[in-house]
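S.K.: here is my input; please provide its structure:
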Amino acid sequence: MAEEQITVAVLGGGSFGTALASIAADNGARVRQWLRDPALVAQINAEHRNGRYLPDYAINPAVVASGDMAEVLAGAELVLVAIPSKAFREVVRQARPHLHAEQILVSTTKGIQEEGFKLMSQILEEETGFAHIGVLSGPNLASEVADKQLTATVIASDDPLTRARVQTALGCDYFRVYASNDRYGVELGGALKNIYAIAAGMAAALGMGENTRSMLMTRALAEMSRFAVDQGANPMTFLGLAGVGDLIVTCSSTLSRNYRVGQALGQGKGLDEAVAALGQVAEGVNTVRLVRDKAREDGVYMPLAEGLYQVLFEGVPARQMAKMLMQGEQSSDVEFILSREDVQRARRLEPGHE
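M.R.: Numbers count the residues shown, from 1 in each chain. As a prediction, this is how the structure comes out:
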């Protein structure tokens with residue numbers, strides 16, 4: 001429980017933002033939530049329910065919803081920004097006149113901005129210049145968090161105050177908050193795992209077994225960490241909740257939006273049809289394209305991301321792509337122990353190889 005009452009603002013009316021608003025209120029914080037939709041604002045305030053995203057979840061009555069940004073941000077010590085990546089910068093710019101440098105700004109969004117390949121915390125830095133900036137990420141399916149099932153997350157920041165304040169505001173007997181100082185790695189883990197959840201959904205729809213899923217997840221983890229290290233992250237971060245933890249849950253659960261998109265694609269539906277049926281944002285679809293292009297630009301080996309790109313955007317059948325991936329290069333297991341280059345060099349020295 002929070003030792004003192006703090007004021008928390010949540011920007012965004014989606015499932016995770018709503019669940020976090022209620023957790024903070026459960027912990028004794030004074031909570032205001034900003035939403036664009038006046039009907040949802042009225043419903044949350046009158047019924048303590050978000051009928052669009054969490055219809056069966058009883059929101060703490062202390063959460064006050066509003067469409068007035070200035071009202072929501074006034075006096076807030078902690079601001080949680082839970083806005084889809086495509087609208088993230090726009091909303092931060094809308095909020096900027098009502099923010100001040102002492103506030104703690106934390107992104108909960110697992111996505112990447114296309115222009116400049118920017119993560120959400122980088123957008124917060126660019127738009128505000130503030131010192132207290134962090135990222136919240138982990139194996140946090142919003143509906144399970146709302147049901148108060150036991151789970152944990154990571155608050156990542158270079159700033160000790162940000163880490164401590166978020167742990168105080170959100171940590172409770174069903175939601176544990178662990179700390180990290182690798183903001184970039186934690187944030188990349190949250191964004192990258194969405195790619196592989198799509199692949200896992202496809203594999204399930206194609207009738208592939210547990211061995212296949214295990215192989216897919218571990219090769220995905222290798223690919224995620226390879227890419228993140230190239231971008232400046234710490235590979236050890238991917239052993240934690242924001243790496244392997246988040247990857248496991250999103251590759252295993254039909255509650256994951258990206259997994260459900262993959263399932264639909266594996267069943268033979270087109271991308272537009274799969275996304276339309278979901279009715280919510282699946283960040284992984286856009287992330288596949290952005291990461292594949294960035295990996296090509298930087299020369300990072302990412303066969304799963306490349307294969308998914310071809311299924312999503314070039315019409316290659318999922319089963320055909322799976323077969324092509326199985327026929328690809330056999331390389332090292334954990335590259336930070338044995339490099340791909342060493343394996344390739346040994347293969348060239350093998351009798352019969354030029």
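
S.K.: so how far is residue 234 from residue 336?
M.R.: The gap separating residue 336 from residue 234 is 11 Å, by C-beta to C-beta, to the nearest Å. The way it works is simple: take the backbone N, C-alpha and C, and place the C-beta from them, glycine included.

S.K.: the helix ranked longest in the chain: how far from the chain's middle?
M.R.: Secondary structure of the chain per DSSP state H: the longest helix is helix 183-205. Centroid separation between helix 183-205 and its chain, computed with C-alpha atoms, centre = their mean, to the nearest Å, is 8 Å.

S.K.: one more: stretch 46-58?
M.R.: Worked out by C-alpha atoms, centre = their mean, stretch 46-58 lies 23 Å from the chain centre.

S.K.: over to stretch 200-209?
M.R.: 22 Å.

S.K.: pLDDT of it, averaged?
M.R.: What stretch 200-209 shows for mean pLDDT is 91.

S.K.: contacts for it next, please.
M.R.: Residues outside stretch 200-209 that contact it (C-beta atoms under 8 Å, 6 or more residues apart in numbering) are 212-213, 216-217, 250-252, 256, 258-267, 311, 318-319, 322.

S.K.: if you set the cut-off to 7 Å instead, what comes out?
M.R.: Residues outside stretch 200-209 that contact it (C-beta atoms under 7 Å, 6 or more residues apart in numbering): 212-213, 216, 251, 259-263, 265-267, 318-319, 322.

S.K.: can you tell me which of those residues are in strands?
M.R.: Within the contacts of stretch 200-209, no residue falls in strands by DSSP state E.

S.K.: which stretches of the stretch 251-354 of the chain have low pLDDT?
M.R.: 279-281, 352-354 (pLDDT under 70).

S.K.: try 80
M.R.: Along the stretch 251-354 of the chain, segments meeting pLDDT under 80 span 275-283, 324-332, 334, 336, 347-348, 350-354.

S.K.: follow-up on the earlier one: please save the CA atoms from the longest helix of the chain in PDB.
M.R.: The C-alpha trace of helix 183-205 is given here as PDB (Å, rounded to 0.1, in the frame of the first residue of the first chain):
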ATOM      1  CA  ARG A 183      15.100   1.600 -20.200                       C
ATOM      2  CA  TYR A 184      15.900   1.000 -23.900                       C
ATOM      3  CA  GLY A 185      16.100  -2.800 -23.400                       C
ATOM      4  CA  VAL A 186      12.900  -3.100 -21.400                       C
ATOM      5  CA  GLU A 187      11.100  -0.900 -24.000                       C
ATOM      6  CA  LEU A 188      12.400  -2.800 -26.900                       C
ATOM      7  CA  GLY A 189      11.500  -6.100 -25.300                       C
ATOM      8  CA  GLY A 190       7.900  -4.900 -25.000                       C
ATOM      9  CA  ALA A 191       7.700  -3.800 -28.600                       C
ATOM     10  CA  LEU A 192       9.600  -6.700 -30.200                       C
ATOM     11  CA  LYS A 193       7.700  -9.500 -28.600                       C
ATOM     12  CA  ASN A 194       4.600  -8.500 -30.400                       C
ATOM     13  CA  ILE A 195       6.200  -9.700 -33.600                       C
ATOM     14  CA  TYR A 196       6.700 -13.200 -32.400                       C
ATOM     15  CA  ALA A 197       3.200 -13.400 -30.800                       C
ATOM     16  CA  ILE A 198       1.900 -13.100 -34.300                       C
ATOM     17  CA  ALA A 199       4.200 -16.000 -35.400                       C
ATOM     18  CA  ALA A 200       3.000 -18.100 -32.400                       C
ATOM     19  CA  GLY A 201      -0.600 -17.600 -33.300                       C
ATOM     20  CA  MET A 202       0.100 -18.600 -36.900                       C
ATOM     21  CA  ALA A 203       1.900 -21.800 -35.700                       C
ATOM     22  CA  ALA A 204      -1.100 -22.700 -33.400                       C
ATOM     23  CA  ALA A 205      -3.500 -22.300 -36.300                       C
END
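
S.K.: one step back: just the buried ones from the contacts of stretch 200-209, in ChimeraX syntax?
M.R.: Filtering the contacts of stretch 200-209 down to the buried ones (16 or more other C-beta atoms under 10 Å) takes a single ChimeraX command:
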select :212,213,216,251,259,260,261,262,263,265,266,318,319,322
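
S.K.: looking at the contacts of stretch 200-209, which is nearest residue 300?
M.R.: For the contacts of stretch 200-209, the residue nearest residue 300 by C-beta to C-beta is residue 216; the value is 18.7 Å.

S.K.: okay, that closest one: pLDDT?
M.R.: pLDDT at residue 216 comes out at 91.

S.K.: need the contact list for residue 75.
M.R.: Per C-beta under 7 Å, 6+ apart, neighbours of residue 75: residue 7.

S.K.: may I have the phi/psi pair for it?
M.R.: phi 80, psi 0 (degrees, to the nearest 10).

S.K.: report pLDDT for residue 148.
M.R.: With respect to pLDDT, residue 148 has a value of 94.

S.K.: residue 107 and residue 120: what is the separation?
M.R.: 4 Å.

S.K.: returning to that earlier point: out of the contacts of stretch 200-209, which is nearest to residue 162?
M.R.: For the contacts of stretch 200-209, the nearest to residue 162 is residue 251 (29.4 Å; C-beta to C-beta).

S.K.: just confirm that closest one contacts residue 197, I think it does.
M.R.: Yes. Under the criterion of C-beta atoms under 7 Å, residue 251 makes contact with residue 197 at 5.4 Å.
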